[in-house]
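Visitor: this one's sequence-less:
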């Protein structure tokens, strides 16, 4: 396998000299019909409003071939140690495989069996929680699940829970309330604990290492509000088998992951499975896995035109490294996806926000841009002014669905709220792409503000699973293109180390000491 | 008054040739002690970890003088028509003045009296709601306030409510639950309505124009869930006196703002007053105004070293236009400020995300960057990897407080959660600024990742008011420096227009029609 920096790939030079398509003039019905690819779970990825042409797409194919994207994805599936920095396999795809495809996962059969076993244990456990076979400490059934975790143990599961809670209610699936404690700020736990009945709450403590400062602190904060004999009746752990939490006497049960599931890729592991299966049912979680698996399968397609995730990654690279766009917005026209942009912030920025290649050499090109976003139409009344008329081009990922989840709606002036939502989504894509001239420069819109659109019928569990896996695979392919190790996060270590130093009295460091003094004044 | 583009100011040329301070070597206790300014409400603005020197600060002063920042602020206070595009005064400062300072606000005395009158009406109304003198339609006292609004009628009030709810509880101030409906996505209203008891909920409908699509739609969606005779007993309006909502028979009461209060600057008007006074008490809202007033007063100081908002604006400009940083992160180490970055996103990006000067000429320099952020320590486990080791420098505004709001805490390994929170905040500033060398390039931290720190004893209503006004004034001063009109938002119009076109059947526009077809497939 060849691991070379992006600027070594001949196709990258071609890409740098390829003229960006003038979307303003090129966008028409034919282009919208044809610039589209399946993304799994009933989703489509439409890139008609991106500045690409048949020529650019051809170069993308060369680039993917030269950087051996599919081969590298197959190495991941086959259990190679692709997280080179930490010397680990990268097995989040294996979590959702129904059986280990022999040519792909031979080396990972033991892990596949392990993940399946854990998933089965979650299924059994969740059904006992939901049926009332396991009750809270006072004998009443659990009505709330509280996840205690941070980063990957929080953002993904929280985004998925919020995305599906309404869908489940509309489908008549009984739900337990899901709440999340993440921040070491004690006001976070205090607020959540003030909003629930601890007696009927199942606490799910999630930390792969079993040593995450925030999570252990919040566990103790939560436990201090419960009587000692109750603690073991309402706390479960999700951790690795070697962690200090794994065989603790003080828990009702424990579910396991391993080092091959990175935090930000762990939503489809036990990290997401326990809270989602207990709160929304195992069947719903299973459907998320089904959607993710379909997206993973599509990502194996060698033709970039048929591989939405690979194509999306190429477009992102073109926007970043050739057109020099320093940030990208994720704009879901779906309130249920309110925290999905926060999850993608971690997924993309933590995976690919790096300056050295996988073999530790500085790279000479920009890698991941800043990712941010809020649901539409809210964002329209907030930061879209800058997206339309600011001095930088900020490319956008729009996400939208034909139907709402809950189907509670009113018709006003001839259209439902859902129809208004979709109309706004379409209008924004067109406004950004096409612009509008005006005699008053303040009312002028330059156009060529690029966007893609991921769309589907409805935000179902399958669609959500595909959406999640699509972005995981975009992240992975970007990393291959940039020749990064997307699976470690050395950048978070220094801050942790210095925080310990502050807590132990600053060890005479005058900068730390003086900031401490300032904070006390 | 002189209104000239930034690049016409002689001091800007000096700034462009000023060497950025090497923070990595310059940061020491002395610098941390001296590079600080009062920001009101007990807050301090510390900029020791920003790449500025005595020389840069001197140039900032020249720049502020050349661009006449204080004179222009005084024009705003004096009631000049400073929103030139829309031909409106800009009077959000006047909302919090105790009396109209004669030299400043002569032309605006009628408006001052009007705002005061509305504030007094809110005070009386809120006390009746809170005492139970006004009850819900079934005779039970209100226990919930639901604000229906979007953009400025949502983000600011919501951020303030979330910031103070816990503080009030800890202080023993009775609270009503506050909830917010904003998105036209019908799943937003459905979710909120599913979480409250409509019989004991006061609905606050907020739209200055009385014509905001999302807000009217959500009003009707909410009203359809109430019996007709109840509607007028539990709906109040916040709007302008000329709006269709102003004298509607169907409401319990109406409170007024006018065209001189821009949406994103309206949190201290009736737009925020009604929901906050009803939910948290008028006294708490009054304390927010007190803090804001103090920050406004400090912003009149002509010396840039004593004017935190003006200095902050100059630093932002230096980072953006000289050091070419394309985005900025806002990182509150306070879970209560969880939605404050979303408010600042609107405030800064909608105000200054523009490409033409106030007289309508294209500007040749970058204006507002992308603003994003999440509370620490959550962000540390998410996107900080990119902030530490990504290929762009992303400057940061840290915000932190010595004490938690609720004071519910545990000591683990010798420190409380709050101490851990503060230790992490300080550690991050130092890690970003100083970096750390390492033989392994993957573990190398370059340093010179710039940040400032706004800090105080506790996130009280006064501190929050000052924080809010500080950023409003930063926004205003940035606009003066860039010679923008920060108070209009023409960039949001085109999308609205096209959305109407889509809803009326696309009028034969093939692009819109084809996107509609794609969404239906």
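Guide: All right, it came through fine. On a predicted model such as this, the values are computed, not experimentally measured, just so you know.

Visitor: Near residue A:510, how many other residues are there?
Guide: 13 (other CB atoms under 10 Å in any protein chain shown). Heads up, the C-betas are built off the backbone N, CA and C, glycines and all.

Visitor: residues contacting the closest residue to it other than its chain neighbours?
Guide: Leaving aside its chain neighbours, residue A:510 sits nearest to residue B:29 (4.3 Å; criterion: CB to CB, 6 or more residues apart in numbering or on different chains). By CB atoms under 8 Å, 6 or more residues apart in numbering or on different chains, residue B:29 lies in contact with A:510-511, A:513-514.

Visitor: Which entries within these meet the buried criterion?
Guide: A:511, A:513-514 (16 or more other CB atoms under 10 Å in any protein chain shown).

Visitor: Going by distance to chain B, which of the residues you listed wins?
Guide: Ranked by distance to chain B (CB to the nearest CB), these are led by residue A:514 at 3.9 Å.

Visitor: quick one: secondary structure of that closest one?
Guide: Assigned by DSSP: H, G, I helix; E, B strand; the rest coil, the conformation of residue A:514 is helix.

Visitor: List the contacts of it.
Guide: B:28-29, B:32-33.

Visitor: and what of residue A:337?
Guide: Neighbours of residue A:337 in contact, by CB under 8 Å, 6+ apart: A:159, A:162-163, A:375, A:399, A:459.

Visitor: Can you pull the domain assignment for chain A?
Guide: A:6-84+A:295-491, A:95-288, A:492-521 (automatic domain parsing).

Visitor: right, so of those, which gets closest to residue B:111?
Guide: domain A:6-84+A:295-491 (24.6 Å; CB to CB).

Visitor: ok, the nearest residue to residue A:280 once chain neighbours are set aside - how many residues close by?
Guide: In this structure, residue A:280 finds its nearest non-sequential neighbour in residue A:168, 5.0 Å apart by CB to CB, 6+ apart. Residue A:168 has 18 neighbours, counted by other CB under 10 Å.

Visitor: ok, residue A:168 touching residue A:283?
Guide: No - using CB atoms under 8 Å, residue A:168 makes no contact with residue A:283, being 10.0 Å away.

Visitor: Show me the shaky parts of chain A.
Guide: A:103, A:105 (pLDDT under 70).

Visitor: Can you list the residue ranges for strands in it?
Guide: A:36-40, A:43-46, A:144-148, A:177-181, A:201-206, A:235-240, A:253-257, A:327-333, A:370-372, A:396-401, A:411-412, A:415-416, A:451-456 (DSSP state E).

Visitor: Looking at chain A, which residue reaches furthest from the middle?
Guide: residue A:439 (43.0 Å; CA atoms, centre = their mean).

Visitor: measure it to chain B for me?
Guide: Separation of residue A:439 from chain B (CB to the nearest CB, to the nearest Å) stands at 10 Å.

Visitor: Show the contacting residues for residue A:132.
Guide: Here residue A:132 is in contact with residue A:141 (CB under 8 Å, 6+ apart).

Visitor: ok, now with 10 Å
Guide: Residues in contact with residue A:132 (CB atoms under 10 Å, 6 or more residues apart in numbering or on different chains) are A:139-142.

Visitor: Now, those that are in helices?
Guide: Using DSSP state H to define helices, no part of the contacts of residue A:132 is located there.

Visitor: now, which of those residues lie close to chain B?
Guide: The subset of those lying close to chain B, counting by CB under 10 Å from any CB of the partner chain, is empty.

Visitor: Highest neighbour count among the residues you listed?
Guide: Most crowded among the contacts of residue A:132, counting by other CB under 10 Å, is residue A:142 at 21 neighbours.

Visitor: For the residue nearest to it when sequence neighbours are not counted, give its distance to chain B.
Guide: Distance criterion CB to CB, 6+ apart; nearest residue to residue A:142, sequence neighbours excluded, is residue A:202 at 4.7 Å. According to CB to the nearest CB, residue A:202 and chain B sit 20 Å apart.

Visitor: Residue A:202 touches residue A:134, doesn't it?
Guide: Yes - using CB atoms under 10 Å, residue A:202 makes contact with residue A:134 at a distance of 8.5 Å.

Visitor: of the two, who's got more company?
Guide: Neighbour count, other CB under 10 Å: between residue A:202 and residue A:134, residue A:202 has more, with 25 against 19.

Visitor: Quick one: residues contacting residue A:149.
Guide: With CB under 10 Å, 6+ apart, residue A:149 has these contacts: A:155-158, A:180-182, A:204-208, A:212, A:214-215, A:218-219, A:238, A:263, A:266, A:271, A:275, B:381.

Visitor: Hmm, residue A:7 and residue A:361 touching each other?
Guide: No - contact criterion CB under 10 Å: residue A:361 and residue A:7 do not qualify, at 11.5 Å.

Visitor: shared neighbours of those two, which are they?
Guide: residue A:483.

Visitor: quick one on the thing from earlier: can you list the strands of chain A in TSV and add distance to residue B:119?
Guide: Compiled in TSV, these are given as follows (distance: least, CB to CB, whole Å):
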stretch	distance to residue B:119
strand A:36-40	52
strand A:43-46	49
strand A:144-148	40
strand A:177-181	36
strand A:201-206	41
strand A:235-240	49
strand A:253-257	55
strand A:327-333	36
strand A:370-372	35
strand A:396-401	40
strand A:411-412	33
strand A:415-416	38
strand A:451-456	43
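
Visitor: what's the closest of these to residue A:60?
Guide: strand A:36-40 (12.0 Å).

Visitor: angle of that closest one against strand A:451-456?
Guide: Here the directions of strand A:36-40 and strand A:451-456 differ by 50 degrees (axes from the mean of the first three to the mean of the last three CA atoms, to 10 degrees).

Visitor: Strand A:36-40 - contacts with which helices or strands?
Guide: If contacts are counted by 3 or more CB pairs under 10 Å, 6 or more residues apart in numbering or on different chains; DSSP states H and E, strand A:36-40 sits against strand A:43-46, helix A:282-298, helix A:308-317, strand A:451-456, helix A:461-482.

Visitor: can you put the ones you listed in JSON lines and add distance to chain B?
Guide: Formatted as JSON lines, these follow (distance: least, CB to the nearest CB, whole Å):
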{"stretch": "strand A:43-46", "distance to chain B": "6"}
{"stretch": "helix A:282-298", "distance to chain B": "17"}
{"stretch": "helix A:308-317", "distance to chain B": "13"}
{"stretch": "strand A:451-456", "distance to chain B": "6"}
{"stretch": "helix A:461-482", "distance to chain B": "10"}
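
Visitor: Make a markdown table from these and add mean neighbour count to it.
Guide: Below are the helices and strands packed on strand A:36-40 laid out as a markdown table (neighbours: other CB atoms under 10 Å in any protein chain shown):
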| stretch | mean neighbour count |
| --- | --- |
| strand A:43-46 | 23 |
| helix A:282-298 | 22 |
| helix A:308-317 | 27 |
| strand A:451-456 | 25 |
| helix A:461-482 | 26 |
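
Visitor: so who does the residue nearest to residue A:142 touch?
Guide: Residue A:202 neighbours (CB under 10 Å, 6+ apart): A:125-126, A:129, A:134, A:136, A:142-147, A:176, A:233-236, A:252, A:274-275, A:278-279.

Visitor: List the contacts of the nearest residue to residue A:2 once chain neighbours are set aside.
Guide: In space, and not counting its chain neighbours, residue A:2 is closest to residue A:68: 6.0 Å by CB to CB, 6+ apart. Contact analysis of residue A:68 by CB under 10 Å, 6+ apart lists A:1-4, A:74-75, A:480.

Visitor: out of the domains of chain A, which comes closest to residue B:472?
Guide: Of those, the one closest to residue B:472 (CB to CB) turns out to be domain A:6-84+A:295-491, at 15.3 Å.

Visitor: Dig out what the residue nearest to residue A:142 forms beta bridges with.
Guide: Counting by DSSP bridges, residue A:202 is bridged to residue A:145.

Visitor: How about the one 4 residues further on?
Guide: Beta-bridge pairing of residue A:206, defined through DSSP bridges, involves residue A:238.

Visitor: So residue A:381 versus residue B:262, what's the distance?
Guide: 12 Å (CB to CB, to the nearest Å).

Visitor: Are there residues contacting both of these two? Which ones?
Guide: Common neighbours of residue A:381 and residue B:262 (CB under 10 Å, 6+ apart) are B:152, B:350, B:489.
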